[in-house]
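[1] need coordinates for the below:
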Amino acid sequence: MANESNLIPFSQRTPEERKAMAAKGNETIARNKKLRSELQFAAKAILSMPPAKVITNSKGKFHLKDKIKEMFPEFHDGALSNRTAILYILMRASLKGNMRAVEILLNLAGEYEPAQDSRKPPDYKQNLLVMVNQIMGGK
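    Predicted structure coming up:
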């Protein structure tokens, strides 16, 4: 608990103190906004870059571009980026039964609406049935 004798209510501060405190708050907000903007720019730049040629996982090394072209033959080299690599990884995980990957992939595609109250933990089986029905044109 704070030592109440050290706390001075904002209403009892002088106008100069209030102005100085507001200026500090504005500086902090501007600095954080600039950092977020720089991070977002860097993330977009990284996602736009072509993916690494060779990826190492627990099973060894594999050529990511070859794997993506194998799954999506209509992609040409110019369309391959780290974004497509992430989508490829999500697609692989969803085909293996990872319901969270299915949810993320459908959400990215704009084809997913949660079927329940967002405050409750997700029921992936029920959500999958709703997603499949949405995609197939059902309810």
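[2] all contacts plus neighbour counts: C-alpha atoms, from now on.
    Will do.
[3] what packs against the helix or strand hosting residue 35?
    Secondary structure from DSSP states H and E places residue 35 in helix 15-48. For helix 15-48, the packing partners by 3 or more CA pairs under 8 Å, 6 or more residues apart in numbering; DSSP states H and E come out as helix 82-95.
[4] check which helices and strands the helix it packs on sits against.
    helix 15-48, helix 64-71, helix 99-108.
[5] could you rerun that using 7 Å?
    helix 15-48, helix 99-108 (3 or more CA pairs under 7 Å, 6 or more residues apart in numbering; DSSP states H and E).
[6] out of those helices, which is closest to residue 58?
    Closest of the helices and strands packed on helix 82-95 to residue 58 is helix 99-108, at 19.4 Å (criterion: CA to CA).
[7] identify each buried residue in the closest one, please.
    By neighbour count on 16 or more other CA atoms under 10 Å, the buried set for helix 99-108 is 99-105.
[8] mind putting those in CSV, pLDDT included?
    Output for the buried residues of helix 99-108, formatted as CSV (pLDDT from 0 to 100):
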residue, pLDDT
99, 86
100, 87
101, 87
102, 86
103, 85
104, 86
105, 85
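[9] so which of those would you say is closest to residue 20?
    Checking the buried residues of helix 99-108 one by one against residue 20 (CA to CA), the nearest turns out to be residue 104, at 44.9 Å.
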